[in-house]
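Peer 1: Quick one, fold the following:
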Amino acid sequence: MIGERVWKVPVEQFVAAWNAASTLDEAAQAIREKADGPTPRWAVVARAGVLRKDGVSLKSLPLVTDPPN
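Peer 2: Model (predicted):
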């Protein structure tokens, strides 16, 4: 099933990748690399939501970075 791979990434690795990212796209890309395959962004966001509900601290991420001036 699509999005299933995101749940196979260990929590510690998921949290580290998420908290090291500057944007949601960066987090999704880093987690895709750890998942060894296609992982839709919605699945990454869904797992982050579940982890937050379980009390895991994840920083807020913007969808994109602001364009340079």
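Peer 1: what's near enough to touch the closest residue in space to residue 18 that isn't next to it in sequence?
Peer 2: Leaving aside its chain neighbours, residue 18 sits nearest to residue 27 (4.8 Å; criterion: C-beta to C-beta, 6 or more residues apart in numbering). C-beta: built from backbone N, CA, C; applies to glycine. Residue 27 is in contact with 17, 18, 21, 44, 48, 61, counting by C-beta atoms under 8 Å, 6 or more residues apart in numbering.
Peer 1: do that again at 6 Å, thanks
Peer 2: 18, 21, 61 (C-beta atoms under 6 Å, 6 or more residues apart in numbering).
Peer 1: Hmm, residue 3 and residue 43 touching each other?
Peer 2: Yes: shown here, residue 43 and residue 3 form a contact pair, counting by C-beta atoms under 6 Å, at 3.2 Å.
Peer 1: between those two, who's got more neighbours?
Peer 2: residue 43 (21 against 16; other C-beta atoms under 10 Å).
Peer 1: before we move on, what SS does the more buried one have?
Peer 2: Here residue 43 is helix, with the state taken from DSSP: H, G, I helix; E, B strand; the rest coil.
Peer 1: Helices of the chain, residue ranges please.
Peer 2: 11-20, 24-35, 41-53 (DSSP state H).
Peer 1: Looking at the contacts of residue 27, state which has the most neighbours.
Peer 2: Ranked by neighbours (other C-beta under 10 Å), the contacts of residue 27 are led by residue 18, which has 22 neighbours.
Peer 1: Any stretches of the chain with poor pLDDT?
Peer 2: 1, 64-69 (pLDDT under 70).
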